[in-house]
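**Q** need a 3D model of the following:
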Amino acid sequence: MNKRMTKKRCNNQCLLYVSLGALILWFYVMISFIAVLERKLLEVKHENSEYNEKLKEFVAASELKRRRRQGDELPQYPINHRHLNNVIRPLSDQAIYQCHKALWHTVDTTAYVLPNNESFVITGDIQDLWLRDSAAQIHPLLLPNTYNGQSLVQVDHKLERIVSGLILKTARLIRFDPYANAFRLEERKTPVTKFQREALGRHGYIATWNYELDSACYFLRMLFFFHESFPNHPVLKERQGKEAATIMMDVWIAEQRHEEDAYPSGELFDCVHCGKPYRYNPAELKRKGKGTMTNSSAGLTWTGFRPSDDPCVYGYLIPANMFAVVTLGYVVKLAAVVWDDESMVEKARKLRREIDDGIQKYGIVEHPTHGRIYAYEVDGLGNYLLMDDANVPSLLSIPYLGYDYDPTIFANTKRFLFSKDNPMFHEGRHDGIAYAGIGSPHTKFIPSSIWPMAMIMEGLVSNNATHKVVLVEKLLASSAGTGWMHESFNPNNPAKFSRPWFCWPDSLFAELVMSLTEACPRPEGGGYSIKEWTDRDDAAHVVRGSVFMKPTPSPTPPPPTPMPQPLPLLSLAVVSECTRAGEGARNGGYVDASFSNKRSFCEKWNATCVLSDMTRVDGDDGGVNPFIAKWQLINRTLHETHADWIMWLDCEAAFTNLDIDWRYHLHGHLDNSKALLASRDKNGVNLGVLLMSKSRGISFVSTFQEWLRAKEDDQAALKEMLKNRPAIQRDIFLVPLEKINSYIDNPDGHKWKPNEW
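**A** Numbers count the residues shown, from 1 in each chain. So this is what the prediction gives:
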């Protein structure tokens with residue numbers, strides 16, 4: 001019995017141990033299984049993560065590849081809202097009129113057609129060709145679907161000749177010196193100083209030697225848009241166009257390594273300043289003219305100056321690099337389609353990819369309020385400048401340039417631009433109109449000034465047609481009655497502005513209005529007259545006709561050309577003084593001829609003549625400075641005459657064409673918000689022939705006479721007054737020399753031609 005019980009207890013214990021062992025084994029197996037399963041899940045998760053990252057990289061690469069394939073497309077902006085004419089807020093008649101006036105301003109006042117298939121386009125009140133400004137000024141002529149489904153150069157062959165000539169001239173100037181940004185029509189005849197030659201780079205045709213990345217971008221854009229209008233035009237086959245594109249790509253490649261003192265080389269770089277690193281005036285660029293430090297591996301390309309001509313704080317100007325990316329895309333197509341050069345295609349693609357990578361890596365920064373935004377300037381070393389400048393390329397103009405931007409980042413950037421965080425954003429109110437827009441450090445002398453160019457660009461990148469119309473009307477109001485788009489203006493008093501004759505914003509204004517209506521341009525709305533056409537040999541067989549050009553007057557004598565609108569009812573008084581004896585005297589016959597000429601003009605045009613015949617004894621100057629006597633006579637005439645304008649002519653100045661209607665000849669320049677209308681020559685403002693408005697002249701003369709007492713002549717006095725009181729510049733309207741004061745022998749400016757006024 002006891003044995004049986006003992007055996008049974010032993011069996012039960014064995015069974016328990018076996019069960020416990022099995023249970024422990026099961027737990028071990030399960031734990032091991034769970035561990036393996038967890039490890040497998042982690043591996044799968046890791047693989048998924050790697051897959052997702054690779055998927056992101058693939059998508060990003062595909063997007064980048066798509067963007068880099070682009071470049072043969074025209075920019076999307078400005079949006080064409082012409083089809084909405086019947087539903088949007090209508091444009092005023094003044095806007096349509098001013099569109100025509102602004103559109104033709106460049107051709108009317110700044111374009112010269114030269115021999116050798118060239119053209120030359122000045123900026124306006126500065127008598128030089130800026131690579132950027134000139135190409136921007138003629139850009140509206142190249143826009144597609146502008147008139148009857150074509151660009152203006154396609155329907156008007158004289159305009160075609162102007163633009164093709166500018167392409168050829170610009171290409172030749174780039175070969176002359178690829179670092180220069182502005183050029184003279186003729187070579188300098190007077191020697192330059194060592195400082196001007198070495199620090200400022202000025203010699204020969206070079207007016208200014210500020211290296212600006214955007215200058216060549218504008219040339220390449222002009223070349224590409226012209227190709228879109230004329231794919232087989234002969235000027236595209238000229239070697240100079242391809243050479244200029246090659247030169248600028250080599251410059252951009254070298255300037256990617258500006259910090260390493262890299263510079264372009266080869267047979268195309270044989271200019272005076274070639275063969276060494278670019279250095280400019282140390283007073284403007286730090287580190288002895290080299291500029292602030294940059295990262296040579298950033299992929300971005302360096303520039304010394306902004307499109308405002310101001311020096312950069314950091315050498316990588318992001319909007320200009322974006323413009324370079326766009327125009328390198330244009331080079332890809334031109335190299336493939338026009339020049340049939342595959343190596344040039346690959347070179348442009350590679351450079352474009354490197355610059356674009358640099359923008360994505362260094363040109364986007366985190367703003368504490370606005371999030372990720374595009375910076376204005378960077379150095380690739382972590383430093384950046386957050387602002388914008390009205391001059392294009394700007395951050396605001398990114399869509400207009402045609403750059404394929406990130407919509408979210410640009411939206412953030414735009415919010416930043418129109419906020420107080422942007423130091424160049426300004427606001428003001430005048431006559432019940434609220435102005436808001438972007439300015440530029442370039443015009444610090446007008447506090448809180450807004451540039452019309454920036455307001456225009458705000459419209460050009462807008463999807464809202466009504467907003468664009470409102471901007472057009474505000475722009476017209478900001479012109480202070482002149483009708484022209486100025487460089488800048490005070491938003492609290494638009495009568496305070498800079499540069500009364502500045503064609504670049506005029507052309508942009510026309511482009512904005514043309515995106516809103518088909519009423520501009522129209523031949524019946526007004527046309528152009530070419531400032532100077534000396535290309536007589538080519539005119540017969542190249543230029544086949546014109547749609548928009550005004551009728552050419554007969555050479556002898558030229559009758560007054562009909563105005564597109566009624567002539568203003570203005571009156572004039574002609575004032576002059578001659579001395580028959582003593583110092584500075586003229587002989588009697590000379591004086592009689594001078595007075596007879598002026599009387600004939602006054603009789604023909606019903607003007608008042610105020611002629612002072614001073615007869616003095618030899619050696620006696622009457623105790624009066626002749627310039628003081630001159631302004632005393634001007635002052636007395638202003639007080640006594642009822643004429644709207646008085647015109648002073650020195651004794652030796654004469655009207656050389658009595659048949660020209662002075663009101664038409666000076667139409668668009670007779671701005672009665674100004675006191676003095678004069679011209680500029682190499683010595684500054686020329687006061688030998690001038691006009692003064694009755695409404696503003698009296699107060700101006702009163703102030704000017706105080707300065708005149710301390711100087712030997714009136715031009716020196718005016719120069720001193722402008723130096724000490726720069727705000728006086730707003731009272732002066734400068735017109736082209738040939739409008740009122742041509743010289744028969746003028747090696748430094750416009751030379752008189754038969755039948756001029």
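**Q** tell me where the stretch 201-350 of the chain has helices.
**A** 213-229, 234-237, 239-255, 286-289, 318-337, 342-362 (DSSP state H, counting those that start in this stretch).
**Q** now do the buried residues in the fifth one.
**A** Using 16 or more other Cβ atoms under 10 Å as the test for burial, helix 318-337 gives 318-335. For every residue, glycine as well, the C-beta is placed using N, CA and C.
**Q** if we can go back for a sec, out of the helices of the stretch 201-350 of the chain, which comes closest to Asn295?
**A** Nearest to Asn295 among the helices of the stretch 201-350 of the chain is helix 342-362; the distance by Cβ to Cβ comes to 7.7 Å.
**Q** in the strand or helix carrying Glu706, what's buried?
**A** Per DSSP states H and E: Glu706 is located in helix 694-708. For helix 694-708, the neighbour count (16+ other Cβ under 10 Å) marks Lys694, Arg696, Gly697, Phe700, Val701, Phe704, Gln705, Trp707, Leu708 as buried.
**Q** what's the average pLDDT for that helix?
**A** Averaged across helix 694-708, pLDDT comes to 82.
**Q** same check, this time on stretch 643-654
**A** 88.
**Q** end to end, how far does that stretch reach?
**A** Stretch 643-654 has an end-to-end distance of 20 Å (Cα to Cα, to the nearest Å).
**Q** in it, which residues are buried?
**A** Ala643, Asp644, Trp645, Ile646, Met647, Trp648, Leu649, Asp650, Cys651, Ala653, Ala654.
**Q** cool, stretch 655-671 as well?
**A** Using 16+ other Cβ under 10 Å as the test for burial, stretch 655-671 gives Phe655, Ile660, Asp661, Trp662, Arg663, His665, Leu666, His669, Leu670, Asp671.
**Q** next one: stretch 732-748
**A** Ile732, Phe733, Leu734, Val735, Pro736, Leu737, Glu738, Lys739, Ile740, Asn741, Ser742, Tyr743.
**Q** now render the buried residues of stretch 655-671 as TSV, adding distance to Lys723 and secondary structure.
**A** As requested, the buried residues of stretch 655-671 are exported to TSV (distance: Cβ to Cβ, whole Å; DSSP: H, G, I helix; E, B strand; the rest coil):
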residue	distance to Lys723	secondary structure
Phe655	33	coil
Ile660	35	coil
Asp661	37	coil
Trp662	32	helix
Arg663	34	helix
His665	32	helix
Leu666	28	coil
His669	25	coil
Leu670	27	coil
Asp671	23	coil
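**Q** just the closest of the buried residues of stretch 732-748 to Lys361, please.
**A** Leu734 (46.0 Å).
**Q** the closest one sits in which helix or strand?
**A** strand 732-735.
**Q** strand partners (parallel or antiparallel) of that strand?
**A** strand 676-681 (parallel) (DSSP bridges).
**Q** so which strand or helix has the residue nearest to Ala95 when sequence neighbours are not counted?
**A** Setting aside the residues directly before and after it, Ala95 is nearest to Val472 in space (Cβ to Cβ, 6 or more residues apart in numbering), at 5.2 Å. Following DSSP H and E, one finds Val472 within helix 465-478.
**Q** what packs against that helix?
**A** Packing contacts for helix 465-478, counted by 3 or more Cβ pairs under 8 Å, 6 or more residues apart in numbering; DSSP states H and E, involve helix 93-103, strand 433-438, helix 452-460, helix 503-514.
**Q** what is the subsequent helix or strand relative to that helix?
**A** With DSSP H and E, the next secondary element past helix 465-478 is strand 488-490.
**Q** which residues are contacting that following strand?
**A** With Cβ atoms under 8 Å, 6 or more residues apart in numbering as the test, strand 488-490 has contacts from 390, 428, 439-440, 443, 446-452, 478, 480, 496-499.
**Q** show me these that map onto helices.
**A** Pro452, Ser478 (DSSP state H).
**Q** buried ones only from the contacts of strand 488-490, please, as a PyMOL command.
**A** Selection of buried members from the contacts of strand 488-490 for PyMOL, criterion 16+ other Cβ under 10 Å:
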select buried, resi 390+428+439+440+443+446+449+450+451+452+478+480+496+497+498+499
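**Q** what separates Asp633 from Lys414, distance-wise?
**A** One thing to correct before we go on: residue 633 is Leu, not Asp. For Leu633, the distance to Lys414 equals 56 Å [Cβ to Cβ, to the nearest Å].
**Q** my bad, should have said Asp214
**A** According to Cβ to Cβ, Asp214 and Lys414 sit 20 Å apart.
**Q** could you do Lys333 as well?
**A** Going from Lys333 to Lys414 by Cβ to Cβ gives 29 Å.
**Q** tell me, what residue is most central in the chain?
**A** In the chain, the C-alpha nearest the mean C-alpha coordinate belongs to Asp133, at 4.5 Å (Cα atoms, centre = their mean).
**Q** among the buried residues of helix 694-708, which two are most distant?
**A** Lys694 and Trp707 (21.7 Å).
**Q** got a list of what the closest residue to Gln705 other than its chain neighbours touches?
**A** Nearest residue to Gln705, sequence neighbours excluded (Cβ to Cβ, 6+ apart): Trp631, at 5.7 Å. Contact analysis of Trp631 by Cβ under 8 Å, 6+ apart lists Val701, Phe704, Gln705, Leu708, Asp714.
**Q** ok, now Val365?
**A** Arg372, Ile373, Ala375, Val378, Tyr384, Leu386.
**Q** how about the last one: what's its closest non-neighbour residue?
**A** Distances taken as Cβ to Cβ, 6+ apart place Ala375 nearest to Leu386, at 6.0 Å, with adjacent residues excluded.
**Q** please apply the same query to the fourth one.
**A** Beyond its immediate neighbours in the sequence, the residue positioned closest to Val378 (Cβ to Cβ, 6+ apart) is Tyr384, lying 4.5 Å away.
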